[in-house]
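[1] give me the fold of what follows.
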Amino acid sequence: MKKYPNSPAFDLGAIVYLKTDTEQLPRQVLAHITRYGGHVTYTLACGVDETNHDEIEISETKVVQE
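    So this is what the prediction gives:
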């Protein structure tokens, strides 16, 4: 069985921000799923809402919108 080098970039429980969120609301990482081929997706919580995102959409720091 081949092992994939991709490991989650964000720890469970970490507070992160969506790069496209104009309000830059904090979100908590609830889960990360590594799929066949090594692709990692994340489940984030903001209040009672849960959404799924790719790593490229997420930042550990607030993103200043210009």
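[2] and the residue nearest the centre of this structure?
    residue 42 (4.5 Å; C-alpha atoms, centre = their mean).
[3] wait, that residue touches residue 10, no?
    Yes - counting by C-beta atoms under 8 Å, residue 10 is a contact partner of residue 42 at 6.3 Å. Backbone N, C-alpha and C define where each C-beta goes, glycine included.
[4] spatially, what comes nearest to residue 18 if we skip its sequence neighbours?
    Leaving aside its sequence neighbours, residue 18 sits nearest to residue 57 (C-beta to C-beta, 6 or more residues apart in numbering; 5.8 Å).
[5] surely that neighbour is in contact with residue 19?
    Yes - between residue 57 and residue 19 there is a contact under C-beta under 8 Å: 5.8 Å.
[6] tell me which of these two has more neighbours.
    Between residue 57 and residue 19, residue 57 has the larger neighbour count (other C-beta atoms under 10 Å), namely 17 against 14.
[7] which residues touch the more buried one?
    18, 19, 20 (C-beta atoms under 8 Å, 6 or more residues apart in numbering).
[8] okay, now the unreliable bits of this structure?
    Low-confidence segments of the chain (pLDDT under 70): 1-6, 65-66.
[9] helices along that one, start to end?
    In order along the chain, the chain carries no helices (DSSP state H).
[10] can you give me the strands for it?
    For the chain, the strands defined by DSSP state E cover 15-18, 27-34, 40-46, 49-54, 58-59.
[11] strand partners of the shortest one, parallel vs antiparallel please.
    It stands for strand 58-59. According to DSSP bridges, strand 58-59 forms sheet pairs with strand 15-18 (antiparallel).
[12] show me which residues of the strand it pairs with are buried.
    Neighbour counts over strand 15-18 (16 or more other C-beta atoms under 10 Å) mark 16, 17, 18 as buried.
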